[in-house]
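[1] next comes the sequence, and after it the predicted model I'd like to discuss.
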Amino acid sequence: MNDFSSGTQAIVLVLFSSLVTITLLMCVMAGPDRDDLTNFYTGYLSLTPLKNGLAIAGDYISAATVLSTTGIVALAGYDGYVLAVSTAMSLVLLMFLLAEPLRNAGSFTMGDVLARNMPGRAVRIASCVVTLTATLPFLVVQLSGAGSLLTFILGMPHEAGARTTCIVLVGSLMIIYAAIGGMRGTALIQMIKIVLLLGTSVTVAALVLNRFDWSPGEMLRAAQRGSGAGPAFLQQGLQLGTSAGDRLDFATLQITVILGAACLPHITMRLYSARDVPAVRRSMSWAVGTVTTFCLLVIIMGTGAAALVGSQYITAADPHGRTAVLTLSRALGGDAGSAGTTILYAAMAGTVFITLLSSVAGMTLAAASSLAHDLYAHAARRGQAQPHTEMTVAAWTSVAVGIVAIMLSSLVQNWDVGVLTTLAICVGASAVAPALTYSLFWRGFTRTGLLASLYGGAACALVLMVFSKAVSGTPSAVFPNADFGWYPMQSTGLVSIPFGYLAGWLGSRLDHWRRAAESRENRRLYEESESRLLAAAE
């Protein structure tokens with residue numbers, strides 16, 4: 001329960017209301033015309049590299065990054081540091097390997113990229129299924145966390161009814177943002193979010209360092225004491241364990257984050273809104289710089305939370321440490337009723353709130369775009385849908401996706417849904433990454449290989465996750481009192497990533513053996529577009 005005065009709660013509520021009002025007005029003003037698909041999906045390609053880079057960074061830095069990663073740093077020390085670095089490295093990998101080819105190949109969705117050389121309903125349907133598989137778990141995590149977080153911020157009773165009300169509130173707002181704003185509207189929200197997030201995080205990090213006379217060494221020593229782990233705080237093992245299997249699991253998780261986080265559909269979708277290749281290069285430079293800076297701030301804030309708040313108080317507020325950055329802002333402000341505490345806490349709470357809203361809005365738009373563009377316009381209507389009709393479908397699918405996400409989040413709000421974040425990233429690394437890299441860089445990739453990568457990688461990740469120790473068999477699992485797991489790791493990447501790549505290779509080789517004519521046609525289509533894909537040559 002929050003111990004702030006009613007005056008502080010009133011300030012937080014006023015700030016929330018102001019942010020919602022301003023961002024809703026901006027979405028309405030930036031919203032696309034009802035029959036302009038290019039505006040809805042790409043925002044007329046009108047964003048400057050700086051603005052687009054900030055929007056990419058805003059989509060990439062979700063509430064899970066702000067809250068969960070900071071909490072892991074505060075509670076697990078070294079393990080959290082590595083996770084923060086892996087998060088930044090994933091976007092670097094996207095920048096150097098996939099960003100330019102994706103911009104050259106894409107139009108609106110991931111399905112456009114994959115169907116470039118292999119058109120057909122099956123490819124569009126598979127792309128939509130994998131997009132939903134990777135996006136819906138993230139949406140459920142964000143909305144479920146919103147219920148618990150907003151009850152904490154607003155000082156409401158931590159009961160199912162209050163949390164459900166908060167979930168419905170945030171979910172309703174995300175539907176409005178995605179349905180009305182389109183790509184340009186959600187981009188504006190992401191830009192506001194990232195500027196606020198960087199501003200408040202820099203302030204909090206500076207206050208933390210100031211407490212220790214700007215000495216990182218003193219801060220680390222205080223964090224070791226506050227965490228209760230001593231020297232182990234700066235060693236690998238607090239999050240998953242120190243055995244050989246646990247170390248392998250930890251390394252696998254970081255590799256999965258690096259390969260999968262930046263390949264998620266709501267991230268790659270932003271690349272299509274850049275005007276040209278030079279613009280996407282500059283956009284990614286801004287995005288990487290912004291995300292790297294924020295990950296450094298997360299390390300400072302998480303370490304500061306361990307040093308100034310202590311793991312005991314952090315876990316008392318939330319067992320997984322997701323409120324660490326909020327409890328830290330209270331500790332830095334001084335007395336509970338002081339003006340400094342009120343202002344700092346209100347600013348951080350407001351930033352977290354807009355982060356939640358913008359994150360779920362971007363994911364909802366990605367899911368709705370795939371349903372409307374890939375499933376309806378191309379799979380069902382075979383590319384004959386009218387722009388006005390497709391945009392209407394996109395708006396209503398935003399509503400449908402939002403309602404499904406709200407219902408699922410309400411049902412699982414008492415679970416530890418952090419495993420769904422791992423599942424989404426595993427799907428990105430095991431299904432999306434193989435499909436994109438093969439499609440963009442391998443001439444011999446065929447339709448069978450593409451479908452095998454998408455369905456095989458996603459199915460492998462899903463099955464292994466269900467039977468992993470993250471779901472059952474351990475005290476920290478989703479079902480701690482059950483034990484039906486036979487996969488001994490938290491992350492599926494050790495098996496599912498090679499499986500996704502192997503499935504794509506085997507499927508393509510099978511096509512070469514069985515259907516040589518179609519394989520030659522796929523190779524011809526790839527060769528015709530290869531120079532444009534890799535070098536933007538006409």
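    Nice, thanks for sending it over. Numbering: from 1, shown residues only.

[2] flag the shaky bits of the stretch 51-200 of the chain, pLDDT-wise.
    For the stretch 51-200 of the chain, the stretches with pLDDT under 70 are 106, 157-158, 160.

[3] meant to ask about the chain, not that
    1-9, 30-46, 106, 157-158, 160, 334-337, 513-538.

[4] ranges for the strands of it?
    Assignment of strands within the chain using DSSP state E yields no ranges at all.

[5] for this protein, which helix is longest?
    helix 160-211 (DSSP state H).

[6] how far out from the middle of the chain is that helix?
    Here the centre of helix 160-211 is set off from its chain's centre by 13 Å, with Cα atoms, centre = their mean, to the nearest Å.

[7] stretch 420-434 too?
    The answer for stretch 420-434 is 11 Å, by Cα atoms, centre = their mean.

[8] quick check: end-to-end length of that stretch?
    Using Cα to Cα, to the nearest Å, one end of stretch 420-434 lies 21 Å from the other.

[9] ok, residue 452 touching residue 509?
    No: in this structure residue 452 lies outside contact range of residue 509 using Cβ atoms under 8 Å: 10.4 Å. C-beta here means a position set from N, CA and C on the backbone, and glycine is covered the same way.

[10] looking at the two, which is more packed in?
    Neighbour totals were compared for residue 452 and residue 509, and residue 452 leads with 25 against 15 (other Cβ atoms under 10 Å).

[11] roughly how far apart are the closest residue to the more buried one other than its chain neighbours and residue 498?
    Of all residues not flanking residue 452 in the chain, residue 507 sits nearest, at 3.4 Å (Cβ to Cβ, 6 or more residues apart in numbering). Remark: distance between residue 507 and residue 498 (Cβ to Cβ, to the nearest Å) = 15 Å.

[12] of these two, who's got more company?
    For residue 507 versus residue 498, the count of surrounding residues by other Cβ under 10 Å is larger for residue 507: 22 against 14.

[13] list the contacts for that one?
    When contacts are counted by Cβ atoms under 8 Å, 6 or more residues apart in numbering, residue 507 touches 446, 448-453.

[14] next: residue 506.
    Here residue 506 is in contact with 449, 452 (Cβ under 8 Å, 6+ apart).

[15] please redo it, this time with the cut-off set to 7 Å
    residue 452 (Cβ atoms under 7 Å, 6 or more residues apart in numbering).

[16] measure it to residue 118 for me?
    17 Å.

[17] kindly report the same for residue 86.
    Residue 86 is 32 Å from residue 118, where distance means Cβ to Cβ.

[18] then residue 181?
    In this view, residue 181 and residue 118 are 32 Å apart by Cβ to Cβ.

[19] which of those two has more neighbours?
    Neighbour count, other Cβ under 10 Å: between residue 181 and residue 118, residue 181 has more, with 27 against 21.

[20] burial check on the nearest residue to the more buried one once chain neighbours are set aside, number of neighbours?
    Leaving out its chain neighbours, the residue that sits closest to residue 181 by Cβ to Cβ, 6+ apart is residue 27, at 3.6 Å. Neighbourhood size, residue 27 [other Cβ under 10 Å]: 23.

[21] quick one: contacts for residue 27?
    Counting by Cβ under 7 Å, 6+ apart, residue 27 touches 177, 180-181, 185, 189.

[22] likewise for residue 115?
    Going by Cβ under 7 Å, 6+ apart, residue 115 touches 123-124.

[23] can you pull the phi/psi pair for it?
    phi -90, psi 0 (degrees, to the nearest 10).

[24] what of the one 3 residues further on?
    Here the main-chain torsion angles of residue 118 (degrees, to the nearest 10) amount to phi -130, psi 70.

[25] wait, it sits on residue 449?
    No: counting by Cβ atoms under 7 Å, residue 449 is not a contact partner of residue 118; they are 9.2 Å apart.

[26] returning to that earlier point: widest-spaced pair of the contacts of residue 27?
    Within the contacts of residue 27, 180 and 189 form the most distant pair, 11.1 Å apart (Cβ to Cβ).

[27] okay, these two: which has more neighbours?
    Comparing residue 180 with residue 189 by other Cβ under 10 Å, the one with more neighbours is residue 189, at 29 against 17.

[28] what's that one in contact with, if anything?
    23, 27, 177, 358, 361.

[29] from residue 54, how far off is it?
    With distances taken as Cβ to Cβ, residue 189 is found 11 Å from residue 54.

[30] cool, and residue 419?
    Counting by Cβ to Cβ, the gap from residue 419 to residue 54 is 30 Å.
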